[in-house]
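1. Following is a predicted model, sequence given first.
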Amino acid sequence: MFKQKSARPTEELSAVARQDDAAHDVLISIRTDVGCVREANEDSGVCFKPSDPTELASHGILILVADGMGGHASGEVASRIAVETIKRAYYRAKEGSAEALRKAFEEANEQIYAAAHEDPKLLGMGTTGTALVILGGHAFAAHVGDSRLYMLRGGDLYQLTEDHSEVMEMVKRGIISQEEARTHENKNVILRALGTGPAVEVSTWDAPLAVRVGDQFLLCSDGLHDMVEDALISEIVAAATDPHDACDQLVAKARERGGHDNITVGIAAVVPEGTNGTEAGNLRATREVETIR
């Protein structure tokens with residue numbers, strides 16, 4: 001069952017999570033693929049679980065997806081700068097917080113914008129950015145563009161970000177339906193991106209989301225959610241053996257459906273403490289996906 005939610009966690013979700021205070025671990029995986037049509041992969045991603053227990057306790061685990069734009073190599077440059085800058089800036093902060101993540105996004109915007117104006121070949125480049133941090137028993141996020149963050153909980157899939165796109169504005173105004181937006185000719189026109197201007201508005205949640213054992217968080221570029229409907233995403237993730245298996249299956253399904261764009265998907269699964277399974281230290285990496293534990 002798919003339930004679309006607003007870009008901030010609801011009180012209902014947080015209240016349910018607080019009922020489960022069991023110790024947990026987080027298993028993470030990320031995969032990127034060029035798809036079936038594009039010659040280059042302009043997506044980038046990172047999942048990072050600090051090996052230092054002190055840093056893990058103060059900053060938590062980060063997963064980030066960026067979908068570059070600009071043509072030729074510039075989109076790839078923009079998305080790479082985004083993931084590198086956001087990760088570095090976030091973990092450089094004194095402590096992990098939604099505000100630290102927002103400032104990391106703003107720093108990435110400045111870096112991309114400056115790089116584009118230093119090299120005429122990169123002028124106009126930009127990238128989406130969607131990031132999730134799981135810190136202790138809570139999660140928080142930052143978001144720009146039309147990459148997405150979902151959560152699978154209790155068999156229901158919740159969309160926790162709102163696309164910054166032209167068609168989403170049309171949906172909100174009642175001009176078209178959510179289903180019509182999937183095939184609209186302007187579905188890939190986004191209204192916010194990192195690096196396209198000297199400043200950017202970063203969407204964050206008003207309050208962190210309490211997590212519980214069994215939650216699975218999924219981040220993806222539009223190369224996945226344009227090709228695979230939400231109900232099938234939910235079905236695949238729920239049936240997969242672990243996050244790495246789920247990422248592989250989702251990329252394969254997007255390619256099977258045509259793979260018209262680059263495809264990036266990252267998953268964080270909240271599991272009982274001591275659970276064996278895929279961890280960031282032994283993931284099979286693909287281009288521009290950093291999997292450092």
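-> Right, received. Where do you want to start?
2. Could I get the full set of strands for the stretch 51-200 of the chain?
-> Secondary structure of the stretch 51-200 of the chain (DSSP state E, counting those that start in this stretch): strands located at 61-69, 126-127, 129-135, 138-144, 148-153, 156-159.
3. my hunch is that T275 is in a strand, does that hold up?
-> No: applying DSSP: H, G, I helix; E, B strand; the rest coil, one finds T275 to be coil, outside a strand.
4. For the nearest residue to it once chain neighbours are set aside, give me its contacts.
-> Residue nearest to T275 in three dimensions, not counting chain neighbours: D25, with 5.8 Å by Cβ to Cβ, 6 or more residues apart in numbering. In short, each C-beta sits where N, CA and C put it, glycine included. By Cβ atoms under 8 Å, 6 or more residues apart in numbering, the contact set of D25 is V270, V271, P272, E273, G274, T275.
5. ok, back up a step: how about TSV for the strands of the stretch 51-200 of the chain, with mean pLDDT added?
-> Formatted as TSV, the strands of the stretch 51-200 of the chain follow (pLDDT from 0 to 100):
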stretch	mean pLDDT
strand 61-69	97
strand 126-127	96
strand 129-135	98
strand 138-144	98
strand 148-153	97
strand 156-159	96
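6. Can you lay out those strands as TSV showing distance to D215 and mean neighbour count?
-> Below are these laid out as TSV (distance: least, Cβ to Cβ, whole Å; neighbours: other Cβ atoms under 10 Å):
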stretch	distance to D215	mean neighbour count
strand 61-69	13	28
strand 126-127	27	32
strand 129-135	9	27
strand 138-144	8	25
strand 148-153	5	22
strand 156-159	10	19
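7. Next, format these as CSV and append distance to E201.
-> Shown next, in CSV, are those (distance: least, Cβ to Cβ, whole Å):
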stretch, distance to E201
strand 61-69, 17
strand 126-127, 14
strand 129-135, 12
strand 138-144, 8
strand 148-153, 17
strand 156-159, 19
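8. which ones are touching the residue nearest the centre of the chain?
-> Nearest to the geometric centre of the chain sits L219, at 3.3 Å (Cα atoms, centre = their mean). By Cβ under 8 Å, 6+ apart, the contact list for L219 reads 45, 63-65, 130-132, 147-150, 265-267.
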